[in-house]
Structures are given as structure tokens and as C-alpha cells.
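K.L.:
Here is the input, now give the coordinates:
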Amino acid sequence: MYFSDRQLGERFNVSRVTIWRWARDPAVKFPEPVKLSPGCARWRLDDVEAWEAGRLESA
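P.N.:
I've put the predicted structure just below:
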């Protein structure tokens, strides 16, 4: 299953821009998006859930 930036923004209650900012910031360690086609990037559910679990463990 894949998530769009809009869906992730809703999931984390942040803007779409914040999702892209997290993806570019190495300190955040947010998963990289998968390019499905030109202009279409999505994030794998498994990758996002693993990132969430890692943040909970380090908190």
C-alpha cells in the first residue's frame, strides 16, 4: 500500500510541504518516496510504519 503526501499530511496532522521537508532532511530519517511515474511519488506503508516505530522507541 502506498501513501501520497496529502495522505501522510493528514496522518501526521502536518502540511504536504512538511512531508517533503522531512523527506529531504537527513536528521529526520523519513523514508524516501518511491517514484511511480514522472510527477507521481508515494511512500510505502511499511516504510512509514517502521519510521513511526523507530521514533516511538527513541522517545
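
K.L.:
List the buried residues in the worst-scoring helix or strand of the chain on mean pLDDT.
P.N.:
Lowest mean confidence among the helices and strands of the chain (mean pLDDT, DSSP states H and E): helix 45-58, at a mean of 90. By neighbour count on 16 or more other CB atoms under 10 Å, the buried set for helix 45-58 is D47, V48, W51. C-betas here are computed from N, CA, C, even on glycine.

K.L.:
what does it rub up against?
P.N.:
With contact meaning CB atoms under 8 Å, 6 or more residues apart in numbering, helix 45-58 is reached by M1, Y2, F3, L8, R11, K29, F30, P31.

K.L.:
Dump the C-alpha coordinates for it into PDB.
P.N.:
Output of helix 45-58 as PDB, limited to C-alpha atoms (Å, rounded to 0.1, in the frame of the first residue of the first chain):
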ATOM      1  CA  LEU A  45       3.100   2.000   4.200                       C
ATOM      2  CA  ASP A  46       5.700  -0.500   5.600                       C
ATOM      3  CA  ASP A  47       8.400   2.200   5.500                       C
ATOM      4  CA  VAL A  48       6.300   4.800   7.100                       C
ATOM      5  CA  GLU A  49       5.200   2.500   9.900                       C
ATOM      6  CA  ALA A  50       8.800   1.400  10.500                       C
ATOM      7  CA  TRP A  51       9.800   5.100  10.800                       C
ATOM      8  CA  GLU A  52       7.000   5.700  13.300                       C
ATOM      9  CA  ALA A  53       8.000   2.700  15.400                       C
ATOM     10  CA  GLY A  54      11.600   4.000  15.400                       C
ATOM     11  CA  ARG A  55      10.500   7.400  16.600                       C
ATOM     12  CA  LEU A  56       8.400   5.900  19.400                       C
ATOM     13  CA  GLU A  57      11.300   3.800  20.600                       C
ATOM     14  CA  SER A  58      13.700   6.700  20.700                       C
END
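
K.L.:
any idea how far it is from the chain center?
P.N.:
10 Å (CA atoms, centre = their mean, to the nearest Å).

K.L.:
Excluding sequence neighbours, find me the nearest residue to L8.
P.N.:
I19 (4.8 Å; CB to CB, 6 or more residues apart in numbering).
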